[in-house]
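1. Fold the following.
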Amino acid sequence: MLQGADSLADPRADPLNLAALKARYASGRLRPAALVAGIVERIALRGKDPTWIHLTPRGELEARAAELERRTAADLPLYGIPFAIKDNIDYQGHPTTAACPDFSYVPQESAAVVERLLAAGAILVGKTNLDQFATGLVGVRSPYGVPANTFNPAYIPGGSSSGSAVAVAAGLASFSLGTDTAGSGRVPAAFNNLVGLKPTRGLISTRGVVPACRSLDCVSIFGLTAADTAAVLRVAQGFDPADPFSRHAAPPARALPRSFAGLRFGVPREDQLEFFGNAETPQLFKNMVSRLESLGGIQVSIDFAPFLETARLLYEGPWVAERYVAIREFIERNPKALHRVTAAIIRGATRFSANDAFSAYYRLKALQRRTAPVWDAIDILVTPTAGTLYRLDELEAEPVKLNSNLGYYTNFMNLLDLAAIAVPAGFQRDGLPFGVTFAAPAFTDEVLCSLGDVAQRAAVRTMGATGLPLPSQDFQEIPNQNVIRVAVCGAHMSGLPLNHQLTGRGARLAYKSRTAPGYRLFALTDFAPPRPGLIRDDPGGAIELEVWEMPASAFGGFVDGIPAPLGIGSVTLEDGQQVKGFLCEAHATKGAREITGLGSWRQFIKGG
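-> Predicted coordinates:
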């Protein structure tokens, strides 16, 4: 395993959310070359992994890293950020299979969205597995194997963008691209505790994407946080005149509140909510609704029937014929090349006539008219992302029915021209994740990301460390089990009187940093030399400190010598990591002198 401050080998050791990586690049503690080496090692440690269909060769990744190191990070909004793409999205010079080996081809140019991300400095790690031809919400219909659900491999990963979700959840990429026609960018997010953004149709170009239902397809974004998906969307979106389905970004028909204070959120009537026999997810959904109300949101019960009727059109109506049209020539040349379930679904499209298509189109227009008044009564719609999560063996027994159940809350979105974001919302007692989706009319993507970020953070605060940690807190930056990192902000800093208590125990300085915002530092002058009293207090700021690496065998003796009112706890750093550090009982700071400004203890010592 790679060691040192410049390594990135252990998926528990380093957060890959964008803010954490940008902070490490800015501080000089990480370079693109080291990130590439670490990502390659993480992937290698997993062995043969059906998450991937094609990996970018190491030599290409190293060349990309070297190219970036000759550039200025400030000029590239996604500098050194690793990402993955679903293998129905083109990457120049690398095969596109859509999870069908006989369909494979090597594109001469990358998809428009991939070009935009690479131009912004991102590093493309590889192409991920999927339900063949993006047909399914389960993630198991692939000859390349089944990507393992990151919480329990006995359960499905969700699809069709299964590999894209698992790559991010497993710490192999910061974000990934999927596609979303019927829920493929949201269901895998819910099943792997991620954020999944399904943008407004046409906001991201689909040029260079193997179509499923071309008139409905969206490129989707998986991320560790809603803030990450928003940052990627800002780069990925853009009108593409070469894509006939591309749309110019436009203001939404009605502006949405940017917080939950006073926001009206619609929830399906109690009798219209469906959890498919799951005993726990109904309460998890109620918990999220209560959480949104505690943030100032106003719950509004809505009639969900026209949304459900719209959803049924997608697979029970002639829109499935679009899937046939998309790969018609291939199917007719290679009738045995498709996965058996995929083949049954797509070949079933041949029973629909032009008369059926027009009848369904007229019905859709009527349903669009019926759902329109809902948006006068609510600002956003809130539903479960999926009512339940199935085991692999359950799905094998009833592949079509259970797949349809997973689309209950997702299949209507693109037919009704909605934007949506799926966010984590809690865990079942068995450790499996649960998620909810926020949806609103077209071009509300940015606001939905903001609301998703607020909801995700609220879930963290409500559930605590045992509930729903933010991804930046999932990874404790500890290089190995024999070393403990300790943050110091006072007399133990290098060159100051008590530093010998660290060096005498074999500790070494790892790097300099600051706390996250929300800390205050006081001088406890009853000690000689004065000791720092660090407390967590929301009005506080970021405090300068040093992070030292101490042998675990010496840590107990070091802690034993710490006098009251000081103690050792967990200190959150500016990049979201948590390390051990000195904290103070709050009562001891009353009347003590606060160290303001940057909170530098050295400045205090020099200033007397």
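2. what's the following helix or strand after the one helix or strand Val436 maps to?
-> In the assignment (DSSP states H and E), Val436 maps to strand 433-441. Where DSSP H and E defines the elements, the next helix or strand beyond strand 433-441 is helix 445-463.
3. For that following helix, buried residues please.
-> Residues of helix 445-463 classed as buried: 445-456, 458-459, 463 (neighbour count, 16 or more other CB atoms under 10 Å). In this view, the C-beta of every residue, glycine as well, is placed from N, C-alpha and C.
4. got it, and stretch 212-229?
-> For stretch 212-229, the neighbour count (16+ other CB under 10 Å) marks 212-214, 216-229 as buried.
5. In helices, which of those appear?
-> When DSSP state H is applied, the buried residues of stretch 212-229 are split such that Ala226, Ala227, Asp228, Thr229 fall in helices.
6. Enumerate every residue touching the nearest residue to the third one once chain neighbours are set aside.
-> It refers to Asp228. In space, not counting the residues next to it along the chain, Asp228 is nearest to Leu18; the distance is 4.9 Å by CB to CB, 6 or more residues apart in numbering. The neighbours of Leu18, taking CB atoms under 8 Å, 6 or more residues apart in numbering as the test, are Leu78, Ile81, Ser174, Phe175, Gly223, Ala227, Asp228, Ala231.
7. Of the residues you listed, which is the nearest to Asn129?
-> The shortest approach to Asn129 among the contacts of Leu18 belongs to Phe175, at 16.9 Å (CB to CB).
8. Correct me if wrong: that closest one contacts Thr229.
-> Yes. Using CB atoms under 8 Å, Phe175 is in contact with Thr229, at 7.1 Å.
9. Spell out which residues are contacts of both of the two.
-> Counting by CB under 8 Å, 6+ apart, the shared contacts of Phe175 and Thr229 are Ile221, Phe222, Gly223.
10. Who does the second one form a beta bridge with?
-> What it means is Phe222. The partner list for Phe222 in beta bridges (DSSP bridges) reads Ser176, Gly196.
11. so it touches Val168, yeah?
-> Yes. Here Phe222 reaches Val168: they are 4.9 Å apart, a contact under CB under 8 Å.
12. which residues are in contact with both of those two?
-> Residues touching both Phe222 and Val168 (CB under 8 Å, 6+ apart): Phe175, Ser176, Leu194.
13. Please give the element, helix or strand, for Gly490.
-> Remark: Gly490 resides in no helix or strand, with elements defined by DSSP H and E.
14. and it, how many neighbours does it have?
-> By other CB atoms under 10 Å, 28 other residues sit near Gly490.
15. how near is it to Ile562?
-> As defined by CB to CB, to the nearest Å, Gly490 lies at a distance of 12 Å from Ile562.
16. which residues are in contact with both of these two?
-> In contact with both Gly490 and Ile562: Phe582, using CB under 8 Å, 6+ apart.
17. Quick one, grab the pLDDT at Leu308.
-> Reading off the confidence values, Leu308 has pLDDT 97.
18. among the helices and strands of this protein, which has the poorest mean pLDDT?
-> Least confident helix or strand of the chain, by mean pLDDT, DSSP states H and E, is helix 471-474 with a mean of 35.
19. Show the subsequent helix or strand relative to that helix.
-> Where DSSP H and E defines the elements, the next helix or strand beyond helix 471-474 is strand 483-488.
20. buried set for whatever helix or strand comes next after that following strand?
-> Moving toward the C-terminus from strand 483-488, the next helix or strand (DSSP H and E) is helix 500-503. By 16+ other CB under 10 Å, the buried positions in helix 500-503 come out as Gln501, Leu502.
21. what does helix 500-503 contact?
-> Val486, Val488, His492, Trp548, Met550, Phe558, Gly561.
22. low pLDDT regions in the chain?
-> 1-14, 462-482, 597-600, 602-603, 605-608 (pLDDT under 70).
23. backbone phi and psi for the nearest residue to Asn334 once chain neighbours are set aside, please?
-> Sequence neighbours aside, Asp102 is the residue nearest to Asn334 in space, at 5.2 Å (criterion: CB to CB, 6+ apart). Main-chain torsions, Asp102, degrees, to the nearest 10: phi -70, psi -20.
24. Would you mind stating the distance between the residue nearest to Asp228 and Thr229?
-> Taking CB to CB, one finds Leu18 at 10 Å from Thr229.
25. Need the overlap of contacts for these two.
-> Common contact partners of Leu18 and Thr229 (CB under 8 Å, 6+ apart): Phe175, Gly223.
26. Show me what the helix or strand Ile39 falls within is packed against.
-> Ile39 is part of helix 32-45 when elements are defined by DSSP H and E. Applying 3 or more CB pairs under 8 Å, 6 or more residues apart in numbering; DSSP states H and E, we find helix 32-45 packed against helix 58-69, strand 82-86, strand 123-128.
27. what's the closest of the buried residues of helix 445-463 to Gly38?
-> Nearest member of those to Gly38, counting by CB to CB, is Gln456, at 25.8 Å.
28. so what's the closest one closest to, chain neighbours aside?
-> Distance criterion CB to CB, 6+ apart; nearest residue to Gln456, sequence neighbours excluded, is Val423 at 5.1 Å.
29. For that neighbour, which residues are in contact?
-> So Val423 contacts Val195, Ala226, Gly435, Val436, Thr437, Phe438, Gly452, Ala455, Gln456, Ala459 (CB under 8 Å, 6+ apart).
30. now for those residues, which pair is the farthest apart?
-> The most widely separated members of those are Thr437 and Ala459, with 14.1 Å between them, by CB to CB.
31. can you redo the shared contacts of Phe222 and Val168 as a markdown table with distance to Asp538 and neighbour count?
-> Below are those laid out as a markdown table (distance: CB to CB, whole Å; neighbours: other CB atoms under 10 Å):
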| residue | distance to Asp538 | neighbour count |
| --- | --- | --- |
| Phe175 | 29 | 30 |
| Ser176 | 34 | 31 |
| Leu194 | 28 | 30 |
